[in-house]
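Enquirer: take this sequence and fold it.
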Amino acid sequence: MQTFKKILSIAALSASVALAAFGSAHAEAKKEFKVAWSIYVGWMPWGYAADHGIVQKWADKYGIKIDVTQFNDYVESMNQYTAGAFDAVTLTNMDGLSIPAAGGVDTTAVIVGDFSNGNDAVILKDKAKLEDIKGQNVNLVEFSVSHYLLARALEGIGSSERDVKVVNTSDADMVAAYNSADVDAVVTWNPLVSTILEEPSAKKVFDSSQIPGEIIDLMVANSAVLKDNPDFGKALVGIWYDTMKLMTADSAEGKSAREAMGKASGTDLAGFEAQMAATKLFDKPADAVSFAASQDLPKTMDLVRNFLFSKGLLGNGAPSADVIGIEMPDGTVLGDKANVKLRFTTAYMDAAVKGTL
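Expert: Below you'll find the model as predicted:
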């Protein structure tokens, strides 16, 4: 089950800040690297690549060793990366800013892998319009992308969180919560969305396809490690696009790969392909480069940083959303240019476009 995707907690944030001193240590040239990932449709390729020799192929090409570790707890994977125990990790754009970046670890998005295009949804019980959410208790994982999705949904109807009451609910309890008599609204992600929508009373009134490109899934690396070891970044990109080519192939091999990834994530081929359909996968590097270099990305990150600031998630005593600098591929910076801690680059993906990996 993909139950640990995209969770952000105050405890996790505090832990990351406490551990930041370890994660920001000076990097150096090295031969062995550690990558952390957690279960989600857009990140399953990392486990498959590790199990089927694709990681080994690219590590050998650059004369390095890459150890890929699956975490069942998404937050823990980010905490371990922030602590310096891992050189790279899969996470969302929002969590990359609020955990390692806010914790002081300079982090670079090496691969823009996909964005949620329907996997995250607002669901009401026996009500078919988003406007009907007003006055309701809304069960969701507080400070997660579900919380962000709710805020964006309410904004779209000229409303705000003042018109609802957020009830913090574990993702593990979300299906049971929906089925209880006193719950009328939930916001969650797949596969929980699909499970809840099997109930005749469940009505999807808003989903992430209505804010395309805002919930982005990334492979990030420690910026200092990447600077001193560019071959590590190249290997990551090579692994990703090799696996993407296989995963999306209309062939027996492609079907077998999707089936294996589905099984590893707790579903079957049909379930996995349904989740893929609700995900905008950047399986071609040119598409990922175009997305990352567009003017939509700065707009999205501005929305994200202001949401996080409004929730007090950019560090204790942060005076404004500008406290952390976010560098775009063209070198422009949102926020404090003297405190850039999250960077987007197209350099490594562009090498795949040009065939220079």
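Enquirer: quick check: bridge partners of the closest residue to N117 other than its chain neighbours?
Expert: Distances taken as Cβ to Cβ, 6 or more residues apart in numbering put K280 closest to N117, at 4.3 Å, once the chain neighbours are dropped. Bear in mind the C-beta positions are built from the backbone N, C-alpha and C, glycine included. With beta bridges defined as DSSP bridges, K280 has these partners: F115.
Enquirer: quick one, what contacts K280?
Expert: Each residue near K280 by Cβ atoms under 8 Å, 6 or more residues apart in numbering is listed here: 114-117, 212-213.
Enquirer: just the buried ones among these, please.
Expert: By neighbour count, with 16 or more other Cβ atoms under 10 Å, the contacts of K280 hold 114-117, 213 as buried.
Enquirer: can you redo those residues as CSV with pLDDT and distance to P45?
Expert: Compiled in CSV, the buried ones among the contacts of K280 are given as follows (pLDDT from 0 to 100; distance: Cβ to Cβ, whole Å):
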residue, pLDDT, distance to P45
D114, 97, 10
F115, 97, 16
S116, 95, 16
N117, 96, 17
G213, 96, 20
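Enquirer: identify the farthest-apart pair in those residues.
Expert: Taking every pair in the buried ones among the contacts of K280 and measuring Cβ to Cβ, the maximum separation is 10.2 Å, between D114 and G213.
Enquirer: helices of the stretch 101-250 of the chain, start to end?
Expert: Using DSSP state H, counting those that start in this stretch, the helices found in the stretch 101-250 of the chain span residues 145-156, 174-178, 192-196, 223-228, 230-247.
Enquirer: where among those helices is average confidence lowest?
Expert: Sorting those by mean pLDDT places helix 192-196 lowest, at a mean of 91.
Enquirer: what sits up against that one?
Expert: Contact partners of helix 192-196, identified using Cβ under 8 Å, 6+ apart, comprise 3, 119-121, 123, 171, 174-175, 178, 186, 188, 202, 204, 207, 271, 274-275.
Enquirer: helix or strand for S290, which one?
Expert: With elements taken from DSSP states H and E, the one containing S290 is helix 285-293.
Enquirer: and that helix, what other elements does it pack with?
Expert: Counting contacts by 3 or more Cβ pairs under 8 Å, 6 or more residues apart in numbering; DSSP states H and E, helix 285-293 is packed against strand 107-116, helix 347-354.
Enquirer: can you give me the domain boundaries for this protein?
Expert: When the chain is parsed into structural domains using automatic domain parsing, the resulting residue ranges are 10-115+215-354, 120-210.
Enquirer: and the longest one, how far out from the chain middle?
Expert: In terms of Cα atoms, centre = their mean, to the nearest Å, the centre of domain 10-115+215-354 is set 7 Å apart from its chain centre.
Enquirer: got it, and the last one?
Expert: Mean-position distance between domain 120-210 and its chain equals 19 Å (Cα atoms, centre = their mean).
Enquirer: lowest-scoring secondary structure element of the chain by mean pLDDT?
Expert: Sorting the helices and strands of the chain by mean pLDDT, DSSP states H and E puts helix 10-23 at the bottom, at a mean of 43.
Enquirer: list the contacts of the helix or strand immediately after it in the chain.
Expert: Reading on from helix 10-23 to the C-terminus, the next helix or strand found by DSSP H and E is strand 32-38. Counting by Cβ under 8 Å, 6+ apart, strand 32-38 makes contact with 4-5, 43, 46-47, 64-74, 77, 80-81, 85-90, 219, 225, 229, 232, 236, all of which sit outside it.
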